[in-house]
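Chemist: Need coordinates for the below:
(4 chains)
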Protein chains: 2
Amino acid sequence: MNLKQLAAHLNLSQTTVSRALNGYPEVNEQTRKRVMEAAQTLNYAPNARAKGLATGRAMAIGHVIPMSTHHQMMNPVFGDFIAGASDEYVKAGYDMTLSMTGDRDEEENYRRLKAKGNVDGIIVHGPSMKDARIPFLRQLGLPFVVHGRASELDLPYSWVDMNNTHAFQRATDFLLDLGHRRIALINGLEFMDFAYRRRVGFEQAMSARGVAVDPRYLTAGEMTESYGFESAARMLALPDRPTALITSSVIAAIGIRRAIHAAGLEMGRDVSVITHDDDLSFLRNGPDVPIFTATRSSVYEAGRIAASMLLAHIADPDLPAQPRLLEAQLIIGGSTGPAPQDAR
Amino acid sequence: MNLKQLAAHLNLSQTTVSRALNGYPEVNEQTRKRVMEAAQTLNYAPNARAKGLATGRAMAIGHVIPMSTHHQMMNPVFGDFIAGASDEYVKAGYDMTLSMTGDRDEEENYRRLKAKGNVDGIIVHGPSMKDARIPFLRQLGLPFVVHGRASELDLPYSWVDMNNTHAFQRATDFLLDLGHRRIALINGLEFMDFAYRRRVGFEQAMSARGVAVDPRYLTAGEMTESYGFESAARMLALPDRPTALITSSVIAAIGIRRAIHAAGLEMGRDVSVITHDDDLSFLRNGPDVPIFTATRSSVYEAGRIAASMLLAHIADPDLPAQPRLLEAQLIIGGSTGPAPQDAR
DNA sequence: GCGAGATACCGAAGCGCTTTGGAAGCTCCA
DNA sequence: TGGAGCTTCCAAAGCGCTTCGGTATCTCGC
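Modeler: Below you'll find the predicted structure:
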């Protein structure tokens, strides 16, 4: 069932039927009603490709995941972000397309994406500190919003990011207030912007109190459970082991907890742990009493915000670039406590 | 840059340029080379919508996530499945579109999806035992492959599923062999087909040995960490607490481990745990020595298989429905041991 | 030396929609 | 009573591609 058939069935022209369906004013209300009803009962839905061809708009948003961050993609964080974004797209009648790209010819990929014309805008995931995609996309002229930022880039572009520096600064301060001095950071890969910023926040808080950062207490890696376990196990085996650990994800924190238990210690008493918590749907950090003390910021919410920003940019291409910084909450759970006396 | 411009630039007709690019034989190799090179340097990529209109194929696959299983979507399992599928799509030049649908008018949604014409086939996620989508999609005539099965449906359709029954039967047998008798099942929501089948496998193994299933040892819920924790905590507080627990996901197993520790017990000695392990990228169950004894089956692999099956169905619509059953491995980790003497 | 068969190209229709540029019919007031 | 101004509809062009149905040129065997 296409427009032509529908029009024939109604004894109307395609023009009128099209206008009736798209809410144009120059059509009699009675006729419109008749058209609407026929479309409903005959199960008519306009062909999106034809519509796109004619209007020049695809009514779809692309999410591009570079293969190098393949894990990032499969990363649970991605799922919640997408869910948030998707909720906005549905409301606006947009579709969502996912594409993975190889790292080489990444530019080529975006160019194709634009030429192919099946997206009106894209969301950039997992920016590195000096992400080359950003200047490229700017000059390509395809609307985009970045989830995160590129610290070393000084260009106007739209992004939504959590205040990573501030969050980790607060977390570190909180531990310092509890008397901790030997504090470790089990961070994400530091070419990723968020991880870099988190380290900066950590270091700023430490140096503000005149506490030296021991390089043995710093690691950077992919945020898996076993990475958390191994990093923590190694550090806890040191003669002067850290009394507190800060980490970047609940998943890693779970590995850290396992390492603490394996070392015969108790979390929150012998060793304090603070994690960042993306408030993932399937990994709630304790519904009522949080298991982990954490800096919390919903990545689902970030997805919603990024999506609606992008839709706004598509609706009005002249809209100026818009940054959006989200503050994380610091929530107190059972994984932190005062530094053990003998360690002070 | 479109075909017309490219053709003009080359002093050729659109026809010839199109044929050169699409590998048709009736074009001189020299010309083809010239065309290819021009397309490359001029950055030409055919408009996907126009191509789709002309060919009737969208070169895209839809993944539809019903909102009721919203969590299922945000579920990390989904991410790995998608990653596997995506790898196949990239190879075949297909795109992937994600859509969430409300539960009501679900049929309406699929119908629109077809009418809109921006997918050539779809993957159905998270089937329930008598999933209404399956008969509907069959009569709709849009190729589809189901990830999982609908036990109560006796229709031919293509699916790829793990042998849930057998896996959980083996897991249960393994525990019975170790002398366990009080075995608990912390299962997923049982209107989901996979969860139902797992319970069946569990019960079959138990009754085959003449061991009664204690209803207090059975729960069904959404597979979160806290669900695992709470279920296990409740059961371990019983005077005749179970000596072994079987669960459906590593995430829940992590909660179970926490509950075991909280009860002052040790996993693998006082209480044995077997989990199903989807071999998620970010949650490897111990790279070398598995933490949990587990039934393991890669959901990434399932994604790849489902995708290539669907592509085959699209290429040849007359292909008969094809079932694909994957067997899980039973891998032994540190979370299981003989039943405590006093419990035998 | 000529028709058959390759080879290499082209024109134009058509995919299903939107939208421009009318046109017919009506109302209504000068 | 006639035309200005609405209201309501329509024909046809065009979005960028594929593909059907040709056509012109060349090769070659008889």
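Chemist: Check whether A:Ala328 really touches A:Ala167, as I assumed.
Modeler: Yes. The pair A:Ala328 / A:Ala167 is scored as a contact, 4.0 Å apart, by Cβ atoms under 8 Å. Backbone N, C-alpha and C define where each C-beta goes, glycine included.
Chemist: next one: the helix or strand containing A:His166 to chain centre, how far?
Modeler: If you go by DSSP states H and E, A:His166 is part of helix A:164-177. How far helix A:164-177 lies from its chain's middle: 21 Å, per Cα atoms, centre = their mean, to the nearest Å.
Chemist: What lies in contact with that helix?
Modeler: With contacts defined as Cβ atoms under 8 Å, 6 or more residues apart in numbering or on different chains, helix A:164-177 is touched by A:183, A:194, A:197-202, A:204-206, A:209, A:211, A:244, A:246, A:272, A:274, A:276, A:293, A:295, A:297, A:327-328, A:330, A:336.
Chemist: Filter the residues you listed down to the buried ones, PyMOL style.
Modeler: Restricted to buried positions by 16 or more other Cβ atoms under 10 Å in any protein chain shown, the PyMOL selection for the contacts of helix A:164-177 reads:
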select buried, chain A and resi 183+194+197+198+199+201+202+205+206+244+246+272+274+276+293+295+297+328+330+336
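Chemist: Let me know the helix or strand that A:Arg269 is in.
Modeler: According to DSSP H and E, A:Arg269 maps onto no helix or strand at all.
Chemist: ugh, wrong one, I meant A:Arg199
Modeler: Using DSSP H and E, A:Arg199 sits within helix A:193-208.
Chemist: Next secondary structure after that helix?
Modeler: Heading C-terminal from helix A:193-208, the first helix or strand you meet, by DSSP H and E, is strand A:218-220.
Chemist: Give me the sheet partners of that following strand and which way each runs.
Modeler: Paired strands of strand A:218-220, with direction, are strand A:183-187 (parallel) (DSSP bridges).
Chemist: Contact residues of chain A facing DNA strand D?
Modeler: A:11-16, A:26-28, A:31, A:50, A:53-54, A:56 (Cβ under 7 Å from any atom of the strand).
Chemist: returning to that earlier point: who does the helix holding A:Arg199 touch, helix- and strand-wise?
Modeler: Applying 3 or more Cβ pairs under 8 Å, 6 or more residues apart in numbering or on different chains; DSSP states H and E, we find helix A:193-208 packed against helix A:164-177, strand A:183-187, strand A:218-220.
Chemist: rerun at 7 Å
Modeler: The contact analysis (3 or more Cβ pairs under 7 Å, 6 or more residues apart in numbering or on different chains; DSSP states H and E) places helix A:193-208 against helix A:164-177, strand A:183-187.
Chemist: Need these in a markdown table (columns: mean pLDDT and distance to A:Asn285).
Modeler: Converted to a markdown table, the helices and strands packed on helix A:193-208 look like this (pLDDT from 0 to 100; distance: least, Cβ to Cβ, whole Å):
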| stretch | mean pLDDT | distance to A:Asn285 |
| --- | --- | --- |
| helix A:164-177 | 98 | 14 |
| strand A:183-187 | 98 | 17 |
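Chemist: Tell me which of the ones you listed sits nearest to DNA strand C.
Modeler: Among these, the nearest to DNA strand C by Cβ to the nearest atom of the strand is helix A:164-177 (42.4 Å).
Chemist: which intervals of the stretch 51-200 of chain A have sub-threshold pLDDT?
Modeler: A:67-74, A:102-105 (pLDDT under 70).
Chemist: In it, which residue sits closest to chain B?
Modeler: A:Ala115 (3.5 Å; Cβ to the nearest Cβ).
Chemist: That residue contacts B:Arg49, correct?
Modeler: No. Under the criterion of Cβ atoms under 7 Å, A:Ala115 is not in contact with B:Arg49, lying 11.3 Å apart.
Chemist: all helices for the stretch 1-150 of chain A, in order.
Modeler: All helices of the stretch 1-150 of chain A, identified by DSSP state H, counting those that start in this stretch, fall at A:3-10, A:14-21, A:29-41, A:48-55, A:70-74, A:76-92, A:106-116, A:133-140.
Chemist: is the second one anywhere near DNA strand C?
Modeler: Right, the one you point to is helix A:14-21. Yes. Applying Cβ under 7 Å from any atom of the strand, one finds helix A:14-21 in contact with DNA strand C at A:14-15, A:18-19, A:21.
Chemist: Same list, the residues you listed, but as CSV with pLDDT, neighbour count and distance to B:Val146 please.
Modeler: Formatted as CSV, those follow (pLDDT from 0 to 100; neighbours: other Cβ atoms under 10 Å in any protein chain shown; distance: Cβ to Cβ, whole Å):
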residue, pLDDT, neighbour count, distance to B:Val146
A:Gln14, 93, 14, 38
A:Thr15, 93, 13, 42
A:Ser18, 95, 19, 36
A:Arg19, 94, 18, 40
A:Leu21, 94, 18, 33
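Chemist: Brilliant, that's me finished.
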